[in-house]
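>>> okay, predicted coordinates and the sequence, questions at the end:
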Amino acid sequence: MRMLHEIILITWLCGLTVIGVDMDNASVTQRVRAGGTVELRCTVQNLGDNTVMWFGPGGDLLFLGEKSVTTDRRFQLYRPYQSSWYVVIKNAKLDDSGVYRCKVRTEVVVTKEITLEVESAPRILPSKSSEDQRVKEGVEVTLTCGATGFPPPKIVWHLLADYEGPPLQLGFEPQLTISKIGREMAGLYRCKAFNGVAPNATRNIEVNVEYPPTIIVDIPDISQEKGQSAKLECIVSSHPQGHHYWMKDEKSLVKNWNYDPQNSRHNSTTTSMELYIKQAEPPSVFGVYYCLSENEYGRSVGNITLYEISKSTAKSTSGADNSGVIRLTPTGNSLFIVTVTVFLVF
């Protein structure tokens, strides 16, 4: 009797059961694209009076013989031959993934396992991903890109700085951390999820880096003749844009008959502050002008000095050397002299 049981066990391990039931019970893995159709094959010969049963991933009975037990009409039993007990799944969904079991119960249970993997294109989950950021310069910033799909998608990050030029590749993890973010790292961050199943998924996250104003004065000293017009200019970099204004002699300058302050934005962070002076009249117009900018993070000041030009010429009695002298005199006690030598060729 013991020998008979051993024969039965060996026969079952080889894919054959007692009472003549023959099943190919080798475990297999099948893949199907989401939305596609897949056929799970179970071949049973010499079934006799036994019954073939199909169970789904959750252990729910799908088919008992040829009788459908499941209410999901996407599942159908297909029998092109007498030994064929195939389950066809139409419009495959991610939830259909798992282990399906074809079973025949005799004195022992013979089972064929089919692992179904439903491939799906990547999808980025907004609830598990970062929104647009507004951060202060110098802080640590962490961006998250939560994606799903099968096979599990890979992530790559790019920075589209200023929305122009080639993107800068940054990392390959679902989380991207910038330890001390600077204004040069502001821009559009794009995370892309890909797993070989088209199409890829992308998400854009705009990161605004905020910082106090800085002022650049390209020409800090300007000279002009009395009665002529002049233009003063300061370049301000700040985010957010703040309040820009001009001052002289501790007074704010507003638009009037002689002064015309104007601001021209180059982009979201850079502004050109321009002060147009229609007539340079001493003594009040000449002197030091201050361009100021302030936002919620701080204040910056630049200065430009407007000098008055007075010309006088003097000729050498010998005629061998002649020079002209231009004196630039600002308001106040300081004096700045530039000597311009003019060579005359006879």
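Sure, I can see it.
>>> tell me the bridge partners for the nearest residue to Thr269 once chain neighbours are set aside.
Spatial nearest neighbour of Thr269, excluding adjacent residues (CB to CB, 6 or more residues apart in numbering): His239 at 4.8 Å. (Each C-beta comes from the backbone N, C-alpha and C, glycine too.) Applying DSSP bridges to His239 yields these beta-bridge partners: Tyr211.
>>> wait, Asn263 sits on Lys255?
No - counting by CB atoms under 8 Å, Asn263 does not reach Lys255; the two are 11.8 Å apart.
>>> the residue nearest to Thr269 against Arg265, yeah?
No - the pair His239 / Arg265 is not scored as a contact, 11.9 Å apart, by CB under 8 Å.
>>> neighbour count winner among these two?
His239 (20 against 11; other CB atoms under 10 Å).
>>> Asn263 and Lys255: which is more packed in?
Asn263 (13 against 10).
>>> who does the host helix or strand of His244 touch, helix- and strand-wise?
Per DSSP states H and E, His244 falls inside strand 243-248. Under the contact criterion of 3 or more CB pairs under 8 Å, 6 or more residues apart in numbering; DSSP states H and E, strand 243-248 touches strand 251-253, strand 259-265, strand 270-277, strand 287-295.
>>> mind checking these for the one nearest to Gln45?
Nearest to Gln45, of all the helices and strands packed on strand 243-248, is strand 270-277, at 80.2 Å by CB to CB.
>>> give the buried residues for that closest one.
For strand 270-277, the neighbour count (16 or more other CB atoms under 10 Å) marks Thr271, Met273, Glu274, Leu275, Ile277 as buried.
>>> tilt between it and strand 287-295?
150 degrees (axes from the mean of the first three to the mean of the last three CA atoms, to 10 degrees).
>>> which residues touch strand 270-277?
229-238, 241, 244, 246, 253, 258-266, 285, 289, 291, 293, 306 (CB atoms under 8 Å, 6 or more residues apart in numbering).
>>> so what strands line up beside it?
Take DSSP bridges as the rule and strand 270-277 pairs in its sheet with strand 230-239 (antiparallel), strand 259-265 (antiparallel).
>>> mind checking the pLDDT average for that strand?
Mean per-residue pLDDT for strand 270-277: 97.
>>> do the same with stretch 170-186
Rounded mean pLDDT across stretch 170-186 is 95.
>>> can you tell me what sits against that stretch?
With CB under 8 Å, 6+ apart, stretch 170-186 has contacts from 135, 137-147, 154-159, 161, 189, 191, 207-209, 211, 237, 239, 269.
>>> what average pLDDT does stretch 106-115 get?
Mean predicted confidence for stretch 106-115 is 92.
>>> make that stretch 89-102, sorry
If you average the pLDDT over stretch 89-102, you get 96.
>>> mind listing what's buried in it?
Buried residues in stretch 89-102 (16+ other CB under 10 Å): Ile89, Ala92, Asp96, Ser97, Tyr100, Arg101, Cys102.
>>> so which of those sit within strands?
Judged by DSSP state E, strands contain the following of these: Ile89, Tyr100, Arg101, Cys102.
>>> so which of those residues is the closest to Arg31?
Checking those one by one against Arg31 (CB to CB), the nearest turns out to be Ile89, at 12.4 Å.
>>> quick one: that closest one from Gln241, how far?
Ile89 sits 58 Å away from Gln241, going by CB to CB, to the nearest Å.
>>> between strand 243-248 and the helix or strand containing Ile304, find me the angle.
Element membership of Ile304, judged by DSSP H and E, is strand 298-314. Going by the same axes, to 10 degrees, strand 298-314 is angled at 40 degrees with respect to strand 243-248.
>>> now do strand 298-314, average pLDDT.
Mean predicted lDDT for strand 298-314 stands at 83.
>>> what's near enough to touch the closest residue to Ala198 other than its chain neighbours?
Leaving aside its chain neighbours, Ala198 sits nearest to Ala121 (6.2 Å; criterion: CB to CB, 6+ apart). With contact taken as CB under 8 Å, 6+ apart, Ala121 is in contact with Ala34, Gly149, Asn195, Val197, Ala198, Pro199, Asn200, Ala201.
>>> if I look at Ala121, how far off is Glu173?
Noted for Ala121: a distance of 21 Å to Glu173, by CB to CB.
>>> can you pull out the strands in the stretch 51-200 of the chain?
Using DSSP state E, counting those that start in this stretch, the strands of the stretch 51-200 of the chain run over 52-55, 61-64, 67-68, 75-78, 86-89, 98-105, 109-124, 133-136, 141-144, 147-150, 154-160, 168-171, 175-178, 187-194.
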